[in-house]
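A.B. asks: Sequence first, then the predicted structure, then my questions.
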Amino acid sequence: MLLKPDDHDRIERAVAAAEATTRGEIVCAVTDEAGTYAEVPLAWAATGALLLPLVALAVARAAGHFDYALGGWSAAHVAAMHAAVLTALTGYALLQCMLFASIFVLVSLAPVRRALTPPSLKRTRVRERALEQFFARGLDKTREHTGVLIFVSLKDRRAEVVADSGINAKVGAAAWDKAIEDLLAGVKAGDPGSGFVAAIALCGRLLAEHFPAGSENPNELPNALIETPPT
């Protein structure tokens, strides 16, 4: 379980309280990490294996290790040079293989991979997972298209609020930024439960402003926090 049982209870109660004031629907979802980012170790390993030997060659050349006297060459000299070239190429290939394997193993360590994953990739992956959950949980099927998903990836330390067309027509995307800020503040403080509660309250106020509760206010979607595994 990613969040404590007490946090689950607090979030469910906060959703119920917010939805009591609005015809909108709020669903909360959390994942440990938005993806496995398997491409990150591969990319770093390939880049390192290609570039580091070239850097080493450039340094060696700058140091004068490849300066050769010209003239007076014999067949023996040429044969020796061919053998040296073959040895160098073999060593170069082996060095690339060793570098690739070493860097791949190093970057595959979760803390290293997280540190070396580009922020743009994390942002894209979290957004993709949020949209996936939005449609998988039926938030696009509410009666007035007022569904709002609050989604966070804990180890990516990124969050998304995805709102359906009914509420987005009245509230701009920037209006949800404060909810994301409140949620991430809780995550970074080691208290994601409180972050969710603050974000839920803000989203509830925005929904209530434009879609206040009426005589009929059915609960169309579950209030419980959804925990999803990485993909």
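C.D. replies: Cool, got the structure. Keep in mind that this is a model prediction, so the values were computed, not measured. Numbers count the residues shown, from 1 in each chain.
A.B. asks: only C-alpha atoms for contact and neighbour calcs from this point on.
C.D. replies: OK.
A.B. asks: Which strands and helices lie in contact with the helix or strand containing R10?
C.D. replies: Using DSSP states H and E, R10 falls within helix 5-19. For helix 5-19, the elements it packs on are strand 25-31, helix 192-210, judged by 3 or more CA pairs under 8 Å, 6 or more residues apart in numbering; DSSP states H and E.
A.B. asks: For that helix, give the mean pLDDT please.
C.D. replies: If you average the pLDDT over helix 5-19, you get 96.
A.B. asks: Excluding sequence neighbours, find me the nearest residue to the residue nearest in space to the middle of the chain.
C.D. replies: Centroid-nearest residue in the chain: K122, 2.7 Å away (criterion: CA atoms, centre = their mean). Nearest in space to K122, with sequence neighbours left out and distances taken as CA to CA, 6 or more residues apart in numbering, is D156 at 6.6 Å.
A.B. asks: Was I right to think E25 contacts E144?
C.D. replies: No. E25 is beyond contact range of E144, at 9.7 Å (criterion: CA atoms under 8 Å).
A.B. asks: So those two - more neighbours on which side?
C.D. replies: Under the criterion of other CA atoms under 10 Å, the comparison of E25 against E144 puts E25 first, with 30 against 15.
A.B. asks: residue contacts, the more buried one?
C.D. replies: Taking CA atoms under 8 Å, 6 or more residues apart in numbering, we find E25 in contact with E19, L139, T142, T146, G147, V148, N219, E220, L221.
A.B. asks: Mind giving me the PyMOL command for buried ones among the residues you listed?
C.D. replies: In PyMOL, this line selects whichever of the contacts of E25 come out buried by 16 or more other CA atoms under 10 Å:
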select buried, resi 19+139+142+146+147+148+220
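A.B. asks: Mind checking which of the contacts of E25 land in strands?
C.D. replies: Counting by DSSP state E, the part of the contacts of E25 found in strands is G147, V148.
A.B. asks: mind putting the contacts of E25 in TSV, distance to L52 included?
C.D. replies: Output for the contacts of E25, formatted as TSV (distance: CA to CA, whole Å):
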residue	distance to L52
E19	57
L139	49
T142	55
T146	53
G147	50
V148	48
N219	59
E220	57
L221	54
